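Chemist: show me how the following folds:
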Amino acid sequence: MAAILNRSFSFSSIYPEVDFNDVNEDDLFHQEIETIAAAAIATGYEDGTFLQDAETTRAEFSVFLARALDPERFVAEETASQVVGALQAQDMEEFAEHVLPNEGVRFSPYAYVDTENDQDFSAEEAAQLSEDETVYTWGVYDGRGNPIELTYSHSFMTKIMPPRTT
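Modeler: You can find the predicted model right below:
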């Protein structure tokens with residue numbers, strides 16, 4: 001399945017490096033698996049495996065094909081949903097999995113970029129934000145001009161996106 005998709009489409013990498021516990025560099029389809037995973041066409045299983053020897057069901061292949069044919073629609077929407085879900089659940093480790101290693105993530109209380117006050121975090125820093133007790137200056141309160149000084153845990157993010165309950 002990975003070889004067929006990889007040979008049929010020109011994929012762009014979304015994730016720079018994807019490693020599966022059960023895929024080795026000397027495996028026959030290692031490069032194909034790595035390519036479709038980096039393009040978010042196939043994501044593997046929660047336990048970090050790809051199960052390259054398992055049979056692909058029609059349903060799975062349909063999803064892979066849909067993602068390959070229209071990645072902006074299926075991959076971007078799915079990823080956005082996962083990111084928002086992680087933020088809502090305040091699962092910063094899951095959220096950090098979506099932060100590109102050389103890019104980082106920026107948090108802002110505003111609907112625009114404020115390079116002086118926005119807070120930038122690497123993927124590693126983002127994963128630890130729930131436990132981070134550092135008081136950050138996030139900007140200023142509208143109308144008052146007083147600084148917004150809060151830890152991430154007490155920040156506007158937890159006010160805007162309270163944790164989901166089941």
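Chemist: check what pLDDT the residue lying farthest from the centre of the chain gets.
Modeler: For the chain, the largest distance from the centre (Cα atoms, centre = their mean) belongs to residue 144, which lies 35.0 Å off. The model reports residue 144 with a pLDDT of 81.
Chemist: domains in this protein, by residue range?
Modeler: Annotated domains of the chain cover 2-69, 92-160 [automatic domain parsing].
Chemist: worst average pLDDT in the ones you listed?
Modeler: Looking at the domains of the chain, the weakest mean confidence is domain 92-160, a mean of 83.
Chemist: so how far is it off the chain centroid?
Modeler: Between the centre of domain 92-160 and the centre of its host chain there is 16 Å, according to Cα atoms, centre = their mean, to the nearest Å.
Chemist: I'd say residue 11 and residue 41 touch.
Modeler: Yes. Residue 11 is in contact with residue 41 according to Cβ atoms under 8 Å; the separation is 6.8 Å. The C-beta positions use only the backbone N, C-alpha and C, and glycine is treated the same way.
Chemist: quickly list what's touching both of the two.
Modeler: Common neighbours of residue 11 and residue 41 are listed as 68, 71 (criterion: Cβ atoms under 8 Å, 6 or more residues apart in numbering).
Chemist: neighbour count: these two, which is higher?
Modeler: Neighbour count, other Cβ atoms under 10 Å: between residue 11 and residue 41, residue 41 has more, with 24 against 18.
Chemist: one step back: just send the domains of the chain back as CSV, with distance to residue 78 too.
Modeler: Converted to CSV, the domains of the chain look like this (distance: least, Cβ to Cβ, whole Å):
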stretch, distance to residue 78
domain 2-69, 8
domain 92-160, 11
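Chemist: ok, the residue nearest to the spatial centre of the chain to residue 57 distance?
Modeler: Note on the chain: the residue nearest the mean C-alpha position is residue 98, at 1.8 Å, using Cα atoms, centre = their mean. Distance of residue 98 to residue 57, given as Cβ to Cβ, to the nearest Å: 26 Å.
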